[in-house]
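In: Return a 3D structure for these sequence lines:
(one chain, ligands or ions: 1)
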Amino acid sequence: MKGKEIFVIRGGNPLYGKVVVHGAKNAVLPMLAASVLTADKVSICDCPLISDVDDMVRVLETLGVTVERKGREISVSGSPKMTEIPSHLACAMRSSVFMLGALLSETGEVRLFAPGGCRIGARPLDIHFDGLTRLGAKVEYGEDFVQCTADKLKGADIVLKYPSVGATENLIMASVKARGTTRLIGAAREPEICSLVRLLRKMGADVSGEGTPVITVRGVDDLDGASCIPVTDRIVAGTVMAAVAVCGGRVEIVGGDADIMGAVISPFLTSHTFLVEHGGVIVFESDKMLLPTDVSTGPYPLFPTDMQAPFMACQCYACGLSSMRETVFEDRFAHVGELRKMGADIALAGNTAFVDGSRGMHGANLCASDLRGGAGLLVAALGADGESTLEGVRYIDRGYENIEEIFALLGGKIARQRT
Ligand code: UD1
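Out: The predicted model follows:
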């Protein structure tokens with residue numbers, strides 16, 4: 001019988017060497033969704049080899065388009081023949097929600113079953129559906145699905161009540177071939193959205209203002225094939241920094257893009273680690289003498305919620321009282337209970353965790369229940385005294401490519417085992 005995979009981690013070893021960071025998961029997924037906006041070939045280069053990308057490819061294949069994979073390059077061609085995201089895929093993967101805008105634009109109807117992904121907070125989709133309604137779609141709710149239909153989408157001014165990343169991406173994709181002009185007011189500004197827009201522009205779309213709170217989309221009749229490289233993964237780069245911070249050492253992060261990592265880098269610098277960037281390489285160094293920090297997550301350009309757990313792992317090793325306020329998602333502290341098993345002194349008050357790092361951390365049997373929380377536990381275990389085991393490897397595999405190889409090559413003692 002097939003057992004489950006765990007990581008076995010012996011902590012306390014410094015990390016030295018080089019890591020190459022590839023395209024960002026959160027850029028590649030919407031870019032793949034955008035590929036159905038034309039029957040021509042759309043190629044996305046430097047894709048990470050992670051299970052979320054595999055799942056997105058499965059969604060596309062199920063919709064009836066042709067997908068070719070050559071190493072890290074994924075090419076999509078043909079027109080979708082289905083308009084329903086099958087429930088087993090939609091339930092496993094929240095990113096299937098990105099298909100909404102593109103599929104609706106292309107086929108005039110889409111049916112999406114309750115989407116899955118990490119279990120963090122309520123994760124509603126009201127901003128997506130309100131926006132699609134403003135573009136002229138009819139949205140109907142079944143027991144476990146939502147159906148959107150539209151003869152022809154029409155441009156509109158849409159005010160987003162919160163800068164949702166996914167809703168911004170969906171509404172851009174829904175409006176690129178709509179009649180007239182759409183303005184997204186209060187749009188999200190994440191660099192991954194800029195990658196999506198870069199691809200759409202190469203395909204012939206007329207989009208401007210990405211990276212600012214107002215994005216303007218002038219509808220065009222048709223889009224062509226194109227090839228595009230996504231921005232690199234700032235969360236993978238940040239997770240490597242977190243591990244080096246707690247283990248000590250010096251690592252070159254090739255492909256680390258300091259221009260989009262200001263908010264990720266800033267608390268590390270306050271925490272007494274050292275960093276230089278030259279020619280697309282970030283050199284990150286730590287002597288393990290971490291200082292306490294007060295961090296609050298927020299939409300870009302603020303500190304990313306996806307770095308909250310990996311950075312909290314660092315706060316567990318800082319000499320004094322730190323705080324971490326989570327403002328983006330409710331209920332994103334599942335890792336706190338597991339960190340406490342390692343000896344972490346963490347008090348929760350509403351959306352803020354107060355972390356006293358003066359106690360020291362030891363190995364424990366840990367269980368990840370979401371992607372970034374799992375990455376945080378892995379970082380904490382790499383720095384701890386003694387051995388840890390970490391269950392829930394499948395969550396971490398959603399967003400990190402062979403994470404155990406990355407850290408083993410740097411000198412960390414980590415192995416994937418089947419129980
Ligand atoms: C994306 C990222 C995810 C990241 C998150 C926030 C991808 C594939 N995933 O997720 O890694 O953690 O951005 O940076 O890019 N909300 C609503 N109504 C909506 C939509 C969102 O209330 O219709 C709320 C959410 O519940 C959450 C907040 O807005 O509290 C942010 O969500 P959103 O920006 O939409 O995150 P995702 O796009 O799902």
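
In: contacts, neighbours, all on C-alpha from now
Out: OK.

In: Go ahead and confirm residue 379 touches residue 309.
Out: No - with contact defined as C-alpha atoms under 8 Å, residue 379 and residue 309 do not form a contacting pair (9.2 Å).

In: how near is residue 182 to the ligand?
Out: According to C-alpha to the nearest ligand atom, to the nearest Å, residue 182 stands 18 Å off from the ligand.

In: So that residue is in contact with residue 171, correct?
Out: No - using C-alpha under 8 Å, residue 182 is not in contact with residue 171, being 9.0 Å away.

In: Looking at the two, which is more packed in?
Out: It is residue 171, of residue 182 and residue 171, that has more neighbours when counted by other C-alpha atoms under 10 Å, with 28 against 25.

In: so the more buried one, which of the three states?
Out: The local conformation at residue 171, judged by DSSP: H, G, I helix; E, B strand; the rest coil, is helix.

In: so the spatially closest residue to it that is not a sequence neighbour is in which element?
Out: Leaving aside its sequence neighbours, residue 171 sits nearest to residue 101 (C-alpha to C-alpha, 6 or more residues apart in numbering; 6.1 Å). Assigned by DSSP states H and E, residue 101 belongs to helix 99-107.

In: what's the following helix or strand after that helix?
Out: Using DSSP H and E, the first helix or strand after helix 99-107 is strand 109-113.

In: Tell me the strands beside that next one, with direction?
Out: Applying DSSP bridges, strand 109-113 is found paired with strand 84-85 (parallel), strand 145-149 (antiparallel).

In: C-terminal to the last one, what's the next element?
Out: In this case it means strand 145-149. Next helix or strand after strand 145-149 toward the C-terminus (DSSP H and E): strand 157-159.

In: Help me confirm that residue 17 is found in a strand?
Out: Yes - according to three-state DSSP, residue 17 belongs to a strand.

In: Next up, the contacts around the residue lying closest to residue 125 once chain neighbours are set aside.
Out: Distance criterion C-alpha to C-alpha, 6+ apart; nearest residue to residue 125, sequence neighbours excluded, is residue 167 at 7.8 Å. Residue 167 is in contact with 125, 127, 128, 131, counting by C-alpha atoms under 8 Å, 6 or more residues apart in numbering.

In: Looking at these, spot the one nearest residue 288.
Out: Residue 288 lies nearest to residue 125 out of the contacts of residue 167, by C-alpha to C-alpha, at 41.4 Å.

In: Next, count neighbours for that closest one.
Out: The number of residues packed near residue 125 is 13, by other C-alpha under 10 Å.

In: roughly how far apart are it and residue 333?
Out: 21 Å (C-alpha to C-alpha, to the nearest Å).

In: interface residues of the stretch 151-300 of the chain facing the ligand?
Out: Contact residues (C-alpha under 6 Å from any ligand atom) of the stretch 151-300 of the chain with the ligand: 164, 165, 166, 167.

In: Do I have it right that residue 258 meets residue 278?
Out: No - contact criterion C-alpha under 8 Å: residue 258 and residue 278 do not qualify, at 9.4 Å.

In: Now do the phi/psi pair for the closest residue to residue 385 other than its chain neighbours.
Out: Take residue 385 and drop its neighbours on the chain: the residue closest to it by C-alpha to C-alpha, 6+ apart is residue 362, 4.6 Å away. Backbone torsions for residue 362, taken as degrees, to the nearest 10, come to phi -120, psi 160.

In: Please list all residues in contact with residue 362.
Out: Residues near residue 362 by C-alpha under 8 Å, 6+ apart: 342, 343, 381, 384, 385, 386, 387.

In: Tell me where the stretch 51-200 of the chain has helices.
Out: Taking DSSP state H, counting those that start in this stretch, the helices of the stretch 51-200 of the chain run over residues 51-63, 87-92, 99-107, 126-134, 165-175, 191-202.

In: Comparing these by mean pLDDT, which bottoms out?
Out: Of all the helices of the stretch 51-200 of the chain, the minimum mean pLDDT falls on helix 87-92 (a mean of 72).

In: how about JSON lines for the helices of the stretch 51-200 of the chain, with distance to residue 43 added?
Out: Shown next, in JSON lines, are the helices of the stretch 51-200 of the chain (distance: least, C-alpha to C-alpha, whole Å):
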{"stretch": "helix 51-63", "distance to residue 43": "13"}
{"stretch": "helix 87-92", "distance to residue 43": "22"}
{"stretch": "helix 99-107", "distance to residue 43": "16"}
{"stretch": "helix 126-134", "distance to residue 43": "26"}
{"stretch": "helix 165-175", "distance to residue 43": "17"}
{"stretch": "helix 191-202", "distance to residue 43": "9"}
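
In: To residue 222, which of these lies closest?
Out: helix 99-107 (10.3 Å).

In: between that closest one and helix 51-63, how big is the angle?
Out: Orientation of helix 99-107 against helix 51-63 (axes from the mean of the first three to the mean of the last three C-alpha atoms, to 10 degrees) gives an angle of 30 degrees.

In: Helix 99-107 - contacts with which helices or strands?
Out: helix 25-34, strand 109-113, helix 165-175 (3 or more C-alpha pairs under 8 Å, 6 or more residues apart in numbering; DSSP states H and E).
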